[in-house]
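> the sequence isn't on hand, but the structure is:
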Ligand code: BDR
Ligand code: CA
């Protein structure tokens, strides 16, 4: 079984990505690393711990990573993030707090150590700003050791979701994403090109409510607020974008997408700051390092999504208590 690390800025679709991964028999999550983004880093870390409790996976360690972009010393949550993910990152739904604490080691050390230990058997999926990955690369340029890295971020053939060129995760730390793309590390990019083709509606959250567990009810409520926010910001889509779970899904099963292989960079100066685009200096370099997902089998993904997330939402502490008393 492949080992998996999720690098999250735990907002609503990050929560769905976690549920997708927990419901996937092909992978074993060995840790979650947390970054700033949809919320402050510490709020995201607390959200990850609370969600792991809700899903009955207190065995999975959580590591705190970057609290701000590489070239900044502070971070303020953007109003758009609070609108989409709620002030607490989970649609302002109050899920029970965890008693657990994050581990002592910093996120980038955990990434480096895990890649050293598991090499090609490790998959890293980053669904927030790329700061933790850039920090790991700065500490050890070869840290990846053959592991597979998939990111949710960027937009190659469609406009951004922050402004005409910026996708949110890249916009939070363009320098970090640029370091990652230019490092020559093999990356799979799952950007808005495909994530805005995979949508969820109230019909699916109603199906979760039928499951009847606390996990299912909370996640349905959290996701309803996300669908509602999408109804305000992008009513033409007819649902909410499943950005982060799609990145996990493609990391596990690349046959869900088709790819364009190229060498990417991030524009760092205005007027196109934050744009993901081909690196003109490596255009003729035959060694292409980034696979950009450009088409997706949305129907098959949604089927997998409902099956895997529902499996995760079946958990109740009652069922766990019954199991352990047998
Ligand atoms: C990405 O930005 C964040 O708001 C989401 O969690 C997702 O990772 C979408 O652009
Ligand atoms: Ca995210």
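It's in. Not measured: the values here are computed from a predicted model. Numbering: from 1, shown residues only. Ligands and ions are numbered 1, 2, ... in the order given.

> what number of residues lie near the residue of the stretch 151-300 of the chain found nearest ligand 2?
Nearest residue of the stretch 151-300 of the chain to ligand 2: residue 244, at 4.9 Å (C-beta to the ion). Heads up, the C-betas are built off the backbone N, CA and C, glycines and all. Using other C-beta atoms under 10 Å, residue 244 is surrounded by 31 other residues.

> residues in contact with it?
Contact analysis of residue 244 by C-beta atoms under 8 Å, 6 or more residues apart in numbering lists 8, 13-14, 16-17, 127, 152.

> narrow those to those in helices?
Among those, DSSP state H puts 13-14, 16-17 in helices.

> report the two of these separated the most.
Spatial extent of these (C-beta to C-beta) is set by the pair 14 and 16 at 7.4 Å.

> can you pull the phi and psi angles for the residue nearest to the spatial centre of the chain?
With distances taken as C-alpha atoms, centre = their mean, residue 127 lies nearest the centre of the chain, 2.4 Å away. As for residue 127, its main-chain torsions (degrees, to the nearest 10) stand at phi -120, psi 20.

> against ligand 1, how distant is the residue nearest to it when sequence neighbours are not counted?
Nearest residue to residue 127, sequence neighbours excluded (C-beta to C-beta, 6 or more residues apart in numbering): residue 244, at 3.9 Å. As defined by C-beta to the nearest ligand atom, to the nearest Å, residue 244 lies at a distance of 5 Å from ligand 1.

> coming back round to it: who are the contact partners of the residue nearest to the centre of the chain?
With contact set as C-beta under 8 Å, 6+ apart, residue 127 has these partners: 6-9, 13-14, 17, 151-153, 169, 243-244, 247-248.

> just the buried ones from the residues you listed, in PyMOL syntax?
Buried members of the contacts of residue 127, defined by 16 or more other C-beta atoms under 10 Å, are picked up in PyMOL with:
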select buried, resi 6+7+8+9+13+14+17+151+152+153+169+243+244+247+248
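
> what is the nearest of the contacts of residue 127 to residue 289?
Within these, the smallest distance to residue 289 is 12.5 Å, found for residue 151 (C-beta to C-beta).
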